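Peer 1: starting from these lines, generate the structure:
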Amino acid sequence: MILIACVDGRNGMAFNRRRQSRDRAVRADLLAEIGERPLWVNAATARQFAPEEQTRLRVDPAFLEQAGPGEPCFVEDRSVAPFAGRAEQVILYRWDRAYPADLFWDLPLEGWTLARREEFPGFSHKLITKEVYIP
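Peer 2: Reported below is the predicted structural model:
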């Protein structure tokens, strides 16, 4: 599976069971990055996508368990460490600031190779950095 997440400057993902932030430029880039493949998400994440994008989503509370090889999963509110053995690629969108957080990206990237880094302006953030890692 391909794990995709948004993290802040301290690898924070969520606070009080809610995503720290969201950005429509990230959603557009994410959908372009995955091409025609469906995107696995949970119901809370699905709500941030526009109605015309909903057909691209596979919504399931156990989406990380359901996703198969090569299938992208957008994770906002849970640990990814238990799925480390199934991860084929990691895509992190990094915000240019730090927020309060009580859930952090918990998959160590030591041993992974940073294959690509891109920066682009976000809608709600001045700068977003996309990092693509491969094993």
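Peer 1: in the host helix or strand of Cys73, what's buried?
Peer 2: Element membership for Cys73, per DSSP states H and E: strand 72-74. Of the residues in strand 72-74, 72-74 count as buried by neighbour count, 16 or more other C-beta atoms under 10 Å. The C-beta positions use only the backbone N, C-alpha and C, and glycine is treated the same way.
Peer 1: pretty sure Asp29 is touching Gly122, no?
Peer 2: No - with contact defined as C-beta atoms under 8 Å, Asp29 does not count as touching Gly122 (9.2 Å).
Peer 1: by mean pLDDT, point me to the weakest helix or strand of this structure.
Peer 2: strand 18-19 (a mean of 85; mean pLDDT, DSSP states H and E).
Peer 1: with adjacent residues omitted, what lies nearest to Thr45?
Peer 2: Nearest residue to Thr45 in three dimensions, chain neighbours excluded: Glu76, at 5.2 Å (C-beta to C-beta, 6 or more residues apart in numbering).
Peer 1: what sits against the one you found?
Peer 2: The contact partners of Glu76, taken as C-beta atoms under 8 Å, 6 or more residues apart in numbering, are 5-6, 13-14, 19, 42, 44-45.
Peer 1: before we move on, the earlier item: which neighbouring elements make contact with the next helix or strand after the least confident helix or strand of the chain?
Peer 2: Per DSSP H and E, strand 18-19 leads on to helix 24-34 as the next helix or strand towards the C-terminus. Judged by 3 or more C-beta pairs under 8 Å, 6 or more residues apart in numbering; DSSP states H and E, helix 24-34 is in contact with strand 2-7, strand 89-94, strand 128-134.
Peer 1: list the buried ones in the longest one?
Peer 2: In other words, strand 128-134. 128, 130-133.
Peer 1: can you check stretch 4-22 too?
Peer 2: 4-8, 11-14, 19-22.
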